[in-house]
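Chemist: pasting the structure only:
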């Protein structure tokens, strides 16, 4: 079949390698994410009250935020994109949360003011605030918390929740009374892991009646009642979402702002950069490189870059031939010239080379060692040679024609897809047809297996491999979009989940990485970083050490110093 996709550039490896290698070296020096602080087993937060980190914060004003908010649907629990959470988080609260004042590195009370974790780490008891109201006027009780987490722990038929895998050890949730919730685990887990999972920004508390009234599926429910600091005013599709301060918010003194305006501006786009530099928005998230550099030298503006809890990858549909053959998948993996791919988007988005494990985590292969491995080397000659041998052994020495390449409609993915298309063609005579689609179609098609290749990004909740190994790679995992299965890895994943000794655990994780390299569940392209840019009069936030933008998106401590 003839390739009828748009004309593609020819990527000259020799010309781009210097820039790509330099980018890899520079990015590897970014400060690592600091692990979440240890969680105490008992915490009495009856007197805890969240406030802005600065003294004498001012009340009033509307914060204008530039960020993508083109939701594929309206169910936060079923979502994996900031297109939902970015604008919607401010309407909800969590059971417990990450502290926005220290970039989310400490777990603090939220709807639960206190907690008690048993000595055997198998029973987690939470004590709820009284008198908290949903936006429809109903009081929030333990039944709402139970219904919320019951749906996450064991999603009903037809409901897919990417973070359900975090709670696979939760055997039962009970409500001894109206203001007490108890999570019972079938086997012990690290309290820091379980509490971090519960505190995820995605895991907002929903009203039990809302879930029941909508057959537990809120994808079409734009205004599910929340207990959060802001409430909906109006929304214009693909343009703006306006929120106002909730007057009866339970946390007295918050929020400081009168309202929020979320302008739908595409990540890394010139429009987002122009909106910031012209003063039309006060804060921008996922800002392009040029605007970020400009902001750092502009009086009255600030910017920072932080690691994002996302892998940029290409999923290979293991339900279709020849992608079901590990030799073919490894061949595709080997011809992805990652230093060049980083260079391709260097003026658009900050990325770093990495494999199947977060490259800035303690479990990752160090960058200098990874750069010696086939598929990551600056000189791809040896990797291409092995890839061609693998294709020949699999019966595809002459290449493959007409593969459907599903591309998520963002500038970085459009650039990458054309570069990858050229790499596959030049190295292996594999021809692909690029099909670029909007967010909602991309997620539907990849979940339904309507693709051969699919380039995009997926989110993890935690830095711990027990999160994303199970979600992305385990057989049947909620974000295992390649439909990949390896029994040896599944057995290893169980051991990794249970192992407490960090040295032994790292050995197991390295064994899993070796499986991935030989039988890739995804083609890792890069690991994302984000640029936040803001005017200095925006106070009450601390993005410098975020692990992704997902846990600290509520804006309740933000205030305007003007």
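Modeler: It's in. Note that the coordinates shown come from a computational prediction; the quantities given were computed from them, not determined experimentally.
Chemist: ok, for residue 251, nearest residue in space, not its chain neighbours?
Modeler: residue 50 (6.2 Å; C-beta to C-beta, 6 or more residues apart in numbering). Quick note: C-beta positions are derived from backbone N, CA and C, even for glycine.
Chemist: Surely the one you found and residue 557 touch.
Modeler: Yes. In terms of C-beta atoms under 8 Å, residue 50 counts as a neighbour of residue 557; the distance is 6.6 Å.
Chemist: Now do the longest strand belonging to the chain: which elements does it pack against?
Modeler: Looking across the chain with DSSP state E, the single longest strand is strand 301-316. If you count contacts as 3 or more C-beta pairs under 8 Å, 6 or more residues apart in numbering; DSSP states H and E, strand 301-316 packs onto helix 289-296, helix 411-428, strand 453-459, strand 523-535.
Chemist: what distance separates the longest one from the centre of its chain?
Modeler: So the one you mean is helix 411-428. Averaging C-alpha positions (C-alpha atoms, centre = their mean, to the nearest Å) puts helix 411-428 24 Å from its chain's average.
Chemist: Okay, angle between that helix and strand 301-316 too, please.
Modeler: Computed with axes from the mean of the first three to the mean of the last three C-alpha atoms, to 10 degrees, the direction of helix 411-428 lies at 40 degrees from that of strand 301-316.
Chemist: check which helix or strand covers residue 266.
Modeler: Assessed by DSSP states H and E, residue 266 sits outside every helix and strand.
Chemist: Look at it and report its pLDDT.
Modeler: You'll see residue 266 listed with a pLDDT of 91.
Chemist: wait, it sits on residue 274?
Modeler: No. Counting by C-beta under 8 Å, residue 266 sits too far from residue 274 to count as a contact (11.7 Å).
Chemist: For the two, indicate the residue with more neighbours.
Modeler: Between residue 266 and residue 274, counted using other C-beta atoms under 10 Å, residue 266 has the larger neighbour count: 18 against 14.
Chemist: Once you drop chain neighbours, what's closest to that one?
Modeler: Leaving aside its sequence neighbours, residue 266 is closest to residue 68 (6.1 Å, by C-beta to C-beta, 6+ apart).
Chemist: coming back round to it: okay, and the common contacts of residue 50 and residue 557?
Modeler: residue 254 (C-beta atoms under 8 Å, 6 or more residues apart in numbering).
Chemist: Tell me which of those two has more neighbours.
Modeler: Between residue 50 and residue 557, residue 557 has the larger neighbour count (other C-beta under 10 Å), namely 25 against 16.
Chemist: Show the contacting residues for the nearest residue to that one once chain neighbours are set aside.
Modeler: Nearest non-adjacent residue to residue 557, counting by C-beta to C-beta, 6+ apart: residue 540, 4.3 Å away. Contact partners of residue 540, counting by C-beta under 8 Å, 6+ apart, are 52-54, 57, 100, 256, 557-559.
Chemist: switch the cut-off to 10 Å
Modeler: Residues in contact with residue 540 (C-beta atoms under 10 Å, 6 or more residues apart in numbering) are 51-54, 57-58, 63, 100-101, 254-257, 555-561.
Chemist: Filter those down to the ones in strands?
Modeler: 63, 559-560.
Chemist: hang on, the earlier thing: would you quantify the distance from the residue nearest to residue 557 to residue 347?
Modeler: 32 Å (C-beta to C-beta, to the nearest Å).
Chemist: Then residue 175?
Modeler: For residue 175 relative to residue 347 (C-beta to C-beta), the value is 53 Å.
Chemist: Compare those two (neighbour count), which wins?
Modeler: residue 175 (17 against 11).
Chemist: what's the nearest residue to the residue positioned nearest the centre of the chain if we skip its chain neighbours?
Modeler: The residue lying closest to the centre of the chain (C-alpha atoms, centre = their mean) is residue 459, at 2.6 Å. Of all residues not flanking residue 459 in the chain, residue 80 sits nearest, at 4.9 Å (C-beta to C-beta, 6+ apart).
Chemist: tell me the secondary structure for that neighbour?
Modeler: Look at residue 80: counting by DSSP: H, G, I helix; E, B strand; the rest coil, its state is coil.
Chemist: what number of residues lie near it?
Modeler: Residue 80, neighbours per other C-beta under 10 Å, totals 25.
Chemist: doesn't residue 468 make contact with it?
Modeler: No. Residue 80 lies out of contact with residue 468 (C-beta atoms under 10 Å); the separation is 11.7 Å.
Chemist: Can you pull the residues that touch both of the two?
Modeler: Going by C-beta under 10 Å, 6+ apart, residues that sit against residue 80 and also against residue 468 are 458-461, 479.
Chemist: For residue 300, state which of those is nearest.
Modeler: residue 459 (32.6 Å; C-beta to C-beta).
Chemist: show me what contacts the closest one?
Modeler: Contacts of residue 459 (C-beta under 10 Å, 6+ apart): 79-82, 85, 162-163, 202, 308-311, 468, 471-472, 479, 528, 548-550.
Chemist: wait, what's in contact with the residue lying closest to residue 70 once chain neighbours are set aside?
Modeler: Closest residue to residue 70 apart from its sequence neighbours, by C-beta to C-beta, 6+ apart: residue 83 at 5.0 Å. The contact partners of residue 83, taken as C-beta under 10 Å, 6+ apart, are 67-73, 264, 267, 439-440, 443.
Chemist: which of the residues in the helix or strand harbouring residue 83 are buried?
Modeler: Taking DSSP H and E as the criterion, residue 83 maps to helix 82-88. Using 16 or more other C-beta atoms under 10 Å as the test for burial, helix 82-88 gives 82-88.
Chemist: ditto for stretch 200-214
Modeler: For stretch 200-214, by 16+ other C-beta under 10 Å, it's 200-208, 210-211.
Chemist: Name the SS class of the nearest residue to residue 460 once chain neighbours are set aside, please.
Modeler: For residue 460, ignoring the flanking residues on the chain, the nearest one in space by C-beta to C-beta, 6+ apart is residue 468 at 3.8 Å. Per three-state DSSP, the secondary structure class of residue 468 is helix.
Chemist: now the one 4 residues further on
Modeler: Secondary structure of residue 472, reduced to three states by three-state DSSP: helix.
Chemist: what's the closest non-adjacent residue to it?
Modeler: Using C-beta to C-beta, 6+ apart, the closest residue to residue 472 is residue 479 (5.1 Å).
Chemist: Which pLDDT does the model give the one you found?
Modeler: Residue 479 carries a pLDDT value of 92.
Chemist: what do you get for residue 31?
Modeler: Residue 31 is assigned a pLDDT of 39 by the prediction.
Chemist: Chain neighbours aside, what residue packs nearest to residue 545?
Modeler: In space, residue 545 is closest to residue 103, 3.7 Å off (C-beta to C-beta, 6+ apart).
Chemist: same question but for residue 546, I mixed them up
Modeler: residue 306 (4.5 Å).
Chemist: just residue 505 next, same as before
Modeler: Leaving aside its sequence neighbours, residue 505 sits nearest to residue 499 (C-beta to C-beta, 6+ apart; 4.3 Å).
Chemist: so how many other residues sit close to that neighbour?
Modeler: 16.
Chemist: residues contacting residue 263?
Modeler: Contacts of residue 263 by C-beta under 10 Å, 6+ apart are 64-69, 87, 239-242, 271-272, 275, 280-281, 284.
Chemist: how does it look with 8 Å?
Modeler: 64-67, 239-240, 275, 280-281.
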